[in-house]
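A.B. asks: take a look and give me a structure for this.
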Amino acid sequence: MPSGSCFCGNIKVEYDGEPAMTGGGNYSNNIVVPSQQFKVLSGSPKEISKTADSGKKITSCFCADCGTTLYRYGDTFGGIDGMRVIKAGILDDVNVINSLKPGAELYAPERVKWVSELQGANQVDAMPPA
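C.D. replies: A predicted model of the protein is given here:
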């Protein structure tokens, strides 16, 4: 099972099974898994929620000690019982990250102009609809 942690190691997470999707944009690589396949193994992430321009809520879960964002959930992804959007950079095994190239580049029109489009990824204007 792929696992990872925050920078200071106080919060550890893992998931099992295949991701439902992968996506990212502007150097943000995400692995999306059903909440039933996701576990917080140690520590207690803090949460902060925001209402996006779309009117949908997104909640970021992070380490209160080092500030690392570990994962998110929100209305677009089925709410608290839906999907977990794991920040790929927290994973311990770089081979997992290398094997899960994003399938979609979110907010592609907003990509900084000096960065090329992500080859092979669907170019998406915004967040997928709920």
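
A.B. asks: give the closest residue to Phe38 in space, chain neighbours not counted.
C.D. replies: Arg84 (4.3 Å; CB to CB, 6 or more residues apart in numbering). (Each C-beta comes from the backbone N, C-alpha and C, glycine too.)

A.B. asks: direction included, what does the helix or strand where Arg84 lies pair up with?
C.D. replies: Element membership of Arg84, judged by DSSP states H and E, is strand 83-87. Note on strand 83-87: by DSSP bridges, its sheet partners are strand 28-34 (antiparallel), strand 69-74 (antiparallel).

A.B. asks: nearest to Gly9, of those?
C.D. replies: Relative to Gly9, the nearest member of these by CB to CB is strand 69-74, separated by 11.9 Å.

A.B. asks: quick one: mean pLDDT over that closest one.
C.D. replies: Average pLDDT, strand 69-74: 97.

A.B. asks: buried sites along it?
C.D. replies: Across strand 69-74, burial judged by 16 or more other CB atoms under 10 Å covers Thr69, Leu70, Tyr71, Arg72, Tyr73, Gly74.

A.B. asks: distance from it to the middle of the chain?
C.D. replies: 6 Å (CA atoms, centre = their mean, to the nearest Å).

A.B. asks: please shift the residue numbers so they start at 58 in all later answers.
C.D. replies: From this message on, residue numbering opens at 58, which makes the last subject strand 126-131.

A.B. asks: can you list contacts of that strand?
C.D. replies: Strand 126-131 is contacted by residues 61, 63, 68, 70, 92, 95, 102, 113-120, 136-137, 139-144, 147 when judged by CB atoms under 8 Å, 6 or more residues apart in numbering.

A.B. asks: now, those residues that are in helices?
C.D. replies: Judged by DSSP state H, the subset of those located in helices is empty.

A.B. asks: biggest separation within the buried residues of strand 126-131, which pair?
C.D. replies: It's Leu127 and Gly131 that sit farthest apart of those, by CB to CB, at 14.4 Å.

A.B. asks: among the contacts of strand 126-131, the buried ones, what's the PyMOL command?
C.D. replies: Of the contacts of strand 126-131, the buried ones can be selected in PyMOL as follows, counting by 16+ other CB under 10 Å:
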select buried, resi 61+63+68+70+92+95+102+113+115+117+118+119+120+139+140+141+142+143+144+147
